[in-house]
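*Asks:* Okay, here's the prediction I keep looking at, along with the sequence it came from:
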Amino acid sequence: MKRARIIYNPTAGREAFRKHLAEVLEKLEKAGYETSAHATTCEGDATEAAKEAVRRGFDIVIAAGGDGTLNEVVEGVGHFEKRPKIGLIPMGTTNDFARALRIPRDIDQAVDIICDGDTTPVDVGLMNDRYFINIAGGGRMTELTYEVPSRLKTVLGQLAYYLKGIEMLPSIHSSHLRIEYDGQVFDDEAMMFLIGLTNSVGGFEKLAPDSSINDGYFTLLILKKCNIAEFIRVVTLASRGEHLDDPLVIQAKAKKVVVTSKNEVLLNLDGEYGGVLPATFENLYRHIEMFVPLQRLRPQDKVQEIE
Ligand SMILES: Nc1ncnc2c1ncn2[C@@H]1O[C@H](COP(=O)(O)OP(=O)(O)OP(=O)(O)O)[C@@H](O)[C@H]1O
């Protein structure tokens with residue numbers, strides 16, 4: 001019998017996972033998994049629990065929580081040579097990664113995907129020595145996501161981001177950024193940069209529409225220096241996926257990105273504070289095997305059988 005370890009964040013999202021735990025365990029047992037669960041107690045605990053699960057030889061690790069919990073689980077398993085497969089039960093507020101993988105928010109349906117057993121390899125990012133699964137970025141605007149208090153996100157959902165964004169608008173300014181990406185260089189003032197692994201970021205599904213979850217490339221977006229009116233215009237365009245042709249936006253594909261600055265620039269990794277520049281971002285090609293609804297993936301995310 002295969003062994004599964006559920007790592008769940010009891011504080012994630014609006015709904016308590018604990019209420020559903022018994023039925024989830026039963027379902028997984030029926031599908032042939034001997035399953036146990038761990039409730040995280042604080043920040044970083046999911047990473048330790050995931051490391052322990054690898055050491056104890058679990059075949060699969062299931063993250064039940066938001067992007068933060070999945071990020072911590074990947075951080076825990078990512079450094080090991082032999083990595084368990086990862087399942088995801090989206091319980092967060094935005095669930096960007098689940099959206100990119102077409103994993104439904106319904107707990108029952110998400111567990112069905114794990115029970116069905118279809119998996120696909122996905123790329124993960126490594127920033128210096130920390131993993132990220134969805135998005136890394138830097139610049140004043142990217143600070144927005146981790147300045148929104150978790151409690152506010154839970155109560156207000158995405159509205160919390162908008163409210164915080166309005167509050168922060170007057171303090172948005174540019175920073176010097178030197179960005180080397182696959183042999184090219186941007187060296188100028190800019191508002192922010194984003195390095196995405198999937199098409200889904202902060203609830204915006206059209207920010208990096210061409211990105212694929214397993215092609216080995218990041219989508220790099222740079223927003224050049226602009227004033228607040230231009231900034232609002234580009235963010236509005238981005239919400240509709242119409243920003244890529246804007247002269248203020250640079251878009252590129254890259255496997256490796258190195259960013260330095262003359263200023264102090266704070267970083268954001270999967271929506272949480274990620275330290276300060278300088279940083280090197282590497283795309284780890286198909287580093288993690290994840291349970292997904294294969295037939296629902298976008299064509300560019302499907303692994304071709306003949307490669
Ligand atoms: N018991 C706990 N108490 C407080 N914080 C916790 C606990 N367990 C985990 N955390 C922290 O909560 C953070 C956010 O959790 P998570 O991403 O699962 O939910 P979310 O913020 O509601 O969802 P999303 O990231 O999709 O918006 C995690 O990064 C983790 O460090």
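*Replies:* Okay, I see it.
*Asks:* For the stretch 101-250 of the chain, which residues score under the pLDDT cut-off?
*Replies:* Counting by pLDDT under 70, the stretch 101-250 of the chain contains low-confidence residues at 140-170, 202-204.
*Asks:* Which residue ranges of it form strands?
*Replies:* Assigned by DSSP state E, counting those that start in this stretch, the stretch 101-250 of the chain shows strands spanning 119-127, 130-132, 135-138, 175-181, 184-196, 218-224, 249-254.
*Asks:* Turn those strands into TSV, including distance to residue 108 and mean neighbour count.
*Replies:* (C-beta placed from N, C-alpha, C; glycine too.) Below are these laid out as TSV (distance: least, C-beta to C-beta, whole Å; neighbours: other C-beta atoms under 10 Å):
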stretch	distance to residue 108	mean neighbour count
strand 119-127	19	20
strand 130-132	29	22
strand 135-138	28	27
strand 175-181	42	20
strand 184-196	30	19
strand 218-224	33	23
strand 249-254	37	17
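*Asks:* do you know which of the ones you listed lies nearest residue 271?
*Replies:* Nearest of the strands of the stretch 101-250 of the chain to residue 271, taken as C-beta to C-beta: strand 135-138 at 7.6 Å.
*Asks:* Can you pull the residues of the protein lying near the ligand?
*Replies:* With C-beta under 6 Å from any ligand atom as the criterion, the chain comes near the ligand at residues 9-13, 40-43, 45, 65-69, 72, 92-95, 150, 153-154, 271-272.
*Asks:* buried residues in stretch 2-17?
*Replies:* Judged by neighbour count (16 or more other C-beta atoms under 10 Å), stretch 2-17 contains these buried residues: 3-9, 11-13, 17.
*Asks:* Please disregard the earlier target; I meant stretch 229-249.
*Replies:* Across stretch 229-249, burial judged by 16+ other C-beta under 10 Å covers 230-231, 234-235, 237-238, 243-244, 246, 248-249.
*Asks:* Dihedrals phi and psi, residue 133?
*Replies:* phi -110, psi -20 (degrees, to the nearest 10).
*Asks:* Tell me which residues touch it, please.
*Replies:* 67, 70-71, 74, 97, 122, 124-125, 197, 270, 288 (C-beta atoms under 8 Å, 6 or more residues apart in numbering).
*Asks:* Between those residues, which sits nearest residue 180?
*Replies:* For the contacts of residue 133, the nearest to residue 180 is residue 125 (16.0 Å; C-beta to C-beta).
*Asks:* Spatially nearest residue to the closest one (excluding sequence neighbours)?
*Replies:* Leaving aside its sequence neighbours, residue 125 sits nearest to residue 132 (C-beta to C-beta, 6 or more residues apart in numbering; 4.5 Å).
*Asks:* before we move on, what about residue 224?
*Replies:* Residue 224's closest residue in space is residue 248 (C-beta to C-beta, 6+ apart), at 4.9 Å.
*Asks:* So which residues of this structure form helices?
*Replies:* 21-30, 45-55, 67-78, 96-100, 107-116, 144-147, 150-156, 159-168, 228-239 (DSSP state H).
*Asks:* TSV please, covering the ones you listed and showing distance to residue 299.
*Replies:* What follows is the helices of the chain, written out as TSV (distance: least, C-beta to C-beta, whole Å):
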stretch	distance to residue 299
helix 21-30	30
helix 45-55	31
helix 67-78	24
helix 96-100	14
helix 107-116	19
helix 144-147	29
helix 150-156	32
helix 159-168	30
helix 228-239	23
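*Asks:* residues contacting residue 27?
*Replies:* Neighbours of residue 27 in contact, by C-beta under 8 Å, 6+ apart: 108, 111-112, 115.
*Asks:* now, the most widely separated pair of those residues?
*Replies:* Every pair of those checked by C-beta to C-beta; the farthest is 108 and 115, at 10.3 Å.
*Asks:* So for the chain, which residue is the most central one in space?
*Replies:* Residue closest to the mean C-alpha point of the chain, counted by C-alpha atoms, centre = their mean, is residue 134 at 2.7 Å.
*Asks:* ok, that residue touching residue 98?
*Replies:* No - look at residue 134 against residue 98 with C-beta atoms under 8 Å: they stay out of range, at 10.1 Å.
*Asks:* buried subset of the residues of the chain next to the ligand?
*Replies:* 9, 11-13, 40, 45, 65-69, 72, 92-95, 150, 153-154, 271.
*Asks:* about what we covered before: so of the buried residues of stretch 2-17, which ones are in strands?
*Replies:* 3-8 (DSSP state E).
*Asks:* if we take these, which one ends up nearest to residue 138?
*Replies:* Taking these together and measuring to residue 138 by C-beta to C-beta, the closest member is residue 7, at 28.6 Å.
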